[in-house]
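> coordinates only, no sequence provided:
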């Protein structure tokens, strides 16, 4: 399969896999940013994608940034979206964080979407009963 891209910024970089078995392609910043403490910013990647029908793009964070308190918001890129993409980063620390032009700021994973499903509203008694039931956070083990 092939992912076609359009560079919309002169400093945009083609997404790359870091290793032979990487599942995500690194995405690179086109600009210099200083992210203030507790601030959320959109990092321009300078790309538009032509994702094949039947697939979606998922924006994910990088563990190296997360370990420093810089968290990426997960994003979905539908195959029919043809606009510029960005990575949304949140600085969860009390310190300023600097992103330089060309820094790896997120990852792109292309995954299949089997099909859209129909949605049907039912009553509470029609909901399938399970052993777990309504037990949520932490209920399936530690």
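Looks like it came in fine. The model shown is predicted, which means the values in this text are computed figures rather than measured ones.
> please enumerate the helices of the chain.
63-66 (DSSP state H).
> poorly predicted segments of it, please.
Filtered on pLDDT under 70, the chain yields the residue ranges 139-142.
> list of residues touching the strand of greatest length in the chain?
Of all segments of type strand in the chain, defined using DSSP state E, the longest is strand 40-50. Identification of contacts with strand 40-50 by Cβ atoms under 8 Å, 6 or more residues apart in numbering yields 3-13, 15, 27-31, 33, 35, 57, 73, 77, 81-91, 99, 105-106. Heads up, the C-betas are built off the backbone N, CA and C, glycines and all.
> and the residues you listed, which are buried?
5, 12-13, 15, 27-30, 33, 35, 57, 77, 84-91, 99, 105-106 (16 or more other Cβ atoms under 10 Å).
> among the residues you listed, which ones are in strands?
5, 27-28, 33, 35, 57, 77, 84-91, 99, 105-106.
> report the separation between the residue of the chain positioned farthest from its centre and residue 132.
The C-alpha centroid of the chain is most remote from residue 125, which lies 36.5 Å away (Cα atoms, centre = their mean). Taking Cβ to Cβ, to the nearest Å as the measure, residue 125 falls 18 Å from residue 132.
> give me the most central residue, the chain.
Of all residues in the chain, the one closest to the mean position by Cα atoms, centre = their mean is residue 59, 1.6 Å from it.
> the residue nearest to that one when sequence neighbours are not counted: what's it in contact with?
Spatial nearest neighbour of residue 59, chain neighbours left out: residue 75 (3.7 Å); criterion: Cβ to Cβ, 6 or more residues apart in numbering. Listed by Cβ under 8 Å, 6+ apart, the contact set of residue 75 reads 58, 59, 87, 88.
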